[in-house]
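One predicted model, sequence on top.
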Amino acid sequence: DAGVIQSPRHEVTEMGQEVTLRCKPISGHDYLFWYRQTMMRGLELLIYFNNNVPIDDSGMPEDRFSAKMPNASFSTLKIQPSEPRDSAVYFCASSLVGDRLPLGSGNTIYFGEGSWLTVV
Amino acid sequence: GNSVTQMEGPVTLSEEAFLTINCTYTATGYPSLFWYVQYPGEGLQLLLKATKADDKGSNKGFEATYRKETTSFHLEKGSVQVSDSAVYFCALTPSKTSYDKVIFGPGTSLSVIP
């Protein structure tokens, strides 16, 4: 099975430009997560979706960030306008919870390889 | 609240040395516990997990036992290899009655030298 697929793997862009990161979760998974990783702040959860619906976006740093999941096999994270402090590795991840009981028990999260963003 | 605390890194060991990375947690209810590993340039991947007290998770020579009495889930390996050099994250999901986001520790960097 293919894992979580992210694109682009590397992106260098100028401050003020729009950045769009893309993610294809593992087929059949019902949860999708966007994380950001930096040396200073470690791994941060930005937003997550359940069955394509955003559940918790409290980790999104500000209005410049937006995420969508138009269908079960695709999600985007957009930064507009980008700033140098947005430079980080952005990970997409997915998980299958379904109707498993008890819910939340031992659910594994599968990560993509990350999108390495540099804003200059 | 729910949280995960890991020992500070970086940890540097010689090949074949014994490894322990400490992890303690705070959670309400009965969490599931995980260790994830991140190799250089890659995303995180599940290393092992335990879903109830006294369970032992194991994989690739690594082990961790869910200790409810000490709220700990320490990672151990008897003989590390250079290929084990990576960042290790302890994590939990807080409750088994509802899905909640995974809470990751800050990560512990391990370097194994020949």
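Structure received.

Pull out the buried positions in the helix or strand hosting B:Leu47.
Per DSSP states H and E, B:Leu47 falls inside strand B:44-50. Across strand B:44-50, burial judged by 16 or more other Cβ atoms under 10 Å in any protein chain shown covers B:44, B:46-50. C-beta here means a position set from N, CA and C on the backbone, and glycine is covered the same way.

What of stretch B:79-99?
B:80, B:84-96, B:99.

Just those residues: which are in helices?
Residues of the buried residues of stretch B:79-99 located in helices (DSSP state H): none.

CA atoms of stretch A:71-83 as PDB?
This file holds the C-alpha atoms of stretch A:71-83, laid out as PDB (Å, rounded to 0.1, in the frame of the first residue of the first chain):
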ATOM      1  CA  ASN A  71     -12.600  14.900  -0.600                       C
ATOM      2  CA  ALA A  72     -11.300  11.800   1.200                       C
ATOM      3  CA  SER A  73      -8.100  11.500  -0.900                       C
ATOM      4  CA  PHE A  74      -6.800  15.100  -1.000                       C
ATOM      5  CA  SER A  75      -6.000  17.900   1.300                       C
ATOM      6  CA  THR A  76      -4.100  21.200   1.000                       C
ATOM      7  CA  LEU A  77      -2.400  23.600   3.400                       C
ATOM      8  CA  LYS A  78      -2.100  27.100   2.100                       C
ATOM      9  CA  ILE A  79       0.000  29.900   3.400                       C
ATOM     10  CA  GLN A  80      -0.800  33.400   2.000                       C
ATOM     11  CA  PRO A  81       1.300  35.500   2.200                       C
ATOM     12  CA  SER A  82       4.300  33.500   3.400                       C
ATOM     13  CA  GLU A  83       6.800  34.900   5.800                       C
END
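
Briefly note if that stretch comes near chain B.
No - using Cβ under 8 Å from any Cβ of the partner chain, no contact is recorded between stretch A:71-83 and chain B, whose separation bottoms out at 14.8 Å.

Note down every partner strand of the strand holding B:Leu47 and its orientation.
strand B:32-38 (antiparallel) (DSSP bridges).

what does the partner strand contact?
For strand B:32-38, contacts defined as Cβ atoms under 8 Å, 6 or more residues apart in numbering or on different chains pick out A:104-109, B:23, B:25, B:44-51, B:57, B:62, B:64, B:66, B:73, B:75, B:86-93, B:96, B:102, B:104, B:107.

For it, output the C-alpha coordinates as PDB.
What follows is strand B:32-38, C-alpha atoms only, in PDB (Å, rounded to 0.1, in the frame of the first residue of the first chain):
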ATOM      1  CA  SER B  32      -2.700   4.500  24.900                       C
ATOM      2  CA  LEU B  33       1.100   5.000  24.700                       C
ATOM      3  CA  PHE B  34       3.400   5.100  21.700                       C
ATOM      4  CA  TRP B  35       7.000   5.500  20.600                       C
ATOM      5  CA  TYR B  36       7.500   7.000  17.200                       C
ATOM      6  CA  VAL B  37      10.900   7.300  15.500                       C
ATOM      7  CA  GLN B  38      12.000   9.900  12.900                       C
END
